[in-house]
Every structure is written in C-alpha cells, then in structure tokens.
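Novice: Let's see this in three dimensions:
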Amino acid sequence: MSKVRPTLGIDGLALPILPPERDERVWAKLVRVMFYTPGFLAMLLFKAGEPEAFGITVELLMLSSAAAIVGGLFIGSESSGAGADRSSQVGTWSGALVLELLAVVPLMCAIPALFHQLAHSRLLHAVAPATIDVTLGASELLPAVAILPFMLYQLAGFGTLHFIVPKWVNWIINILILGLITGAYVENRVAEYAMERHFAGALVVIMAITVLYGTLKLKQMQKIYDANCPPKDPK
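Specialist: Numbering: from 1, shown residues only. Below you'll find the predicted structure:
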C-alpha cells in the first residue's frame, strides 16, 4: 500500500504538492528510445530530403536526441538514500520535465514536416515520364495526431508541468505548443522556411525557459516540503 503524504506542515500551512514518485527505470528506458529514434530520423532526412526544406526539421530532431541525454543525467542523479540532497531528490522529476518539453515536443514538431518531406522527396521518388504523382491529401496529417494524446497527458494531470505551474498557466503553455507546432507545419507546407524557423525557434525558447523554471521550482518545493514536513511516526 502506498504511503499517504502529509498535506499540512509543522507551521500549519499547506505543504507543496509534489509530483508522485516515478519509476526511474521506466524513464531511463525512455531516454534510450528518445536518443536513438530522433537521431535515426535526422540521418534519414539528411539522406532523402531537399536541403532548403529539411534544415529546421533536422535541428529539431537533433535537439530531441541531445535533450534525452540531458534528461538521463537528471534521472541518473535521483537518490533518496544516505547523502541525498534536494537536487538528487528531484532528479527523476526534473529529467521527466526535460524529456517531456525538450525531447518530446521538438520531436512532435519535426515529425509532420519530416513525413511531408519524405513523401515528396524527389531524391527518393525519381520522376519518370510515365510516373503519376499521387497526392496523399489529408492523410499527411496522420503523424500530427500524436499531439492530441500529448495534450491529454499534459492537461489531465499526468505531466510534470501540472505540479509546477497553476492550471491556467499549464493551459496557456500547451495551447502555445499546439499553436506553434501547427504554425511551423503550415509554413513548411507553403515553403515559407524562414517563418517556420521563427515558429520552431519560439517553441524551443519557451520550452527551454519552462524547463529552467520548472527544475528550480521543483528544488524549491522540495526544500519547503523537507523543512515543514511533520516528523514520521516511530515504527
């Protein structure tokens, strides 16, 4: 049976609501997936894409891959035993925040454009005189559907961000994620690559600032919790 956390501190004030305990092994496995998958896709696009169209997509994929390693560093620092400090106590939560916002979000931003570039690459699909150019139509949007369960993950309280910012701020951040990803994809489709870079750049900056704030906030919440948590009953 899981232990119920105290809700009131020794000062009579409400304790910070920290994220639930996470299984570090699950997140460590996700680090491996998030490292190899975007890196492989980036190499594939280098091989098959057109240079003027795939630039920002490759950058997003490489960011996703590199951020997974950083998230793994945070997760690897998790400790609750002897010698643990507040930083190590929030290692898994901080690593989860890095993976959610700096690995998953750039990957979701890159995937729709990646599919479009692969589907229409003239290096992959050589045009012969009798070739019929088949239009995929609305089916090109299928890879973008992954954003919907991610939004549910964030807004239904599964995400780490849910415990760091107020509900209305969480909604604003996730609406910005949806809007910027949509904007970047639309600009890629109409070959406005400069605007696509602006949308993607704004997305990455917002995610980086949120991760920085969230990591420091988690550490501060743990500090307040440790200082005011009632002592445990003797066994």
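Novice: and the helix or strand bottoming out on mean pLDDT in the chain, which residues are buried?
Specialist: Ranking every helix and strand in the chain by mean pLDDT, DSSP states H and E puts helix 86-89 at the bottom, with a mean of 78. Buried residues in helix 86-89, defined by neighbour count with 16 or more other CB atoms under 10 Å: Ser87, Ser88, Gln89. The way it works is simple: take the backbone N, C-alpha and C, and place the C-beta from them, glycine included.
Novice: try stretch 185-201
Specialist: By 16+ other CB under 10 Å, the buried positions in stretch 185-201 come out as Tyr185, Glu187, Asn188, Tyr193, Glu196, Arg197, His198, Phe199, Ala200.
Novice: What pLDDT does the model give the last one?
Specialist: What it means is Ala200. Ala200 carries a pLDDT value of 92.
Novice: where does it land in three-state SS?
Specialist: What DSSP: H, G, I helix; E, B strand; the rest coil gives for Ala200 is helix.
Novice: thought it was touching Thr182?
Specialist: No - assessed by CB atoms under 8 Å, Ala200 is found out of contact with Thr182, at 11.7 Å.
Novice: closest to Pro16 among the buried residues of helix 86-89?
Specialist: Proximity of the buried residues of helix 86-89 to Pro16 (CB to CB) peaks at Gln89, which lies at 12.6 Å.
Novice: Now do that closest one against Gly159, distance only.
Specialist: Distance, Gln89 to Gly159, by CB to CB, to the nearest Å: 19 Å.
Novice: Equivalent analysis for Val26, please.
Specialist: 15 Å.
Novice: the more surrounded of these two?
Specialist: Gly159 (23 against 11; other CB atoms under 10 Å).
Novice: Tell me the predicted confidence for that one.
Specialist: Gly159 is assigned 90 on the pLDDT scale.
Novice: before we move on, the earlier item: got the buried residues of stretch 185-201 as CSV, with distance to Pro230 columns?
Specialist: CSV is the format used below for those (distance: CB to CB, whole Å):
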residue, distance to Pro230
Tyr185, 50
Glu187, 54
Asn188, 54
Tyr193, 57
Glu196, 53
Arg197, 52
His198, 51
Phe199, 48
Ala200, 47
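Novice: Which parts of the chain are helices?
Specialist: 24-48, 51-76, 86-89, 91-98, 105-120, 147-155, 167-189, 193-228 (DSSP state H).
Novice: To Ile17, which of the ones you listed lies closest?
Specialist: Using CB to CB, these put helix 193-228 closest to Ile17, at 8.2 Å.
Novice: can you list the weak-confidence ranges in this structure?
Specialist: Where the chain drops to pLDDT under 70, the residues are 1-3, 6, 12, 46-53, 81-84, 119-140, 233-235.
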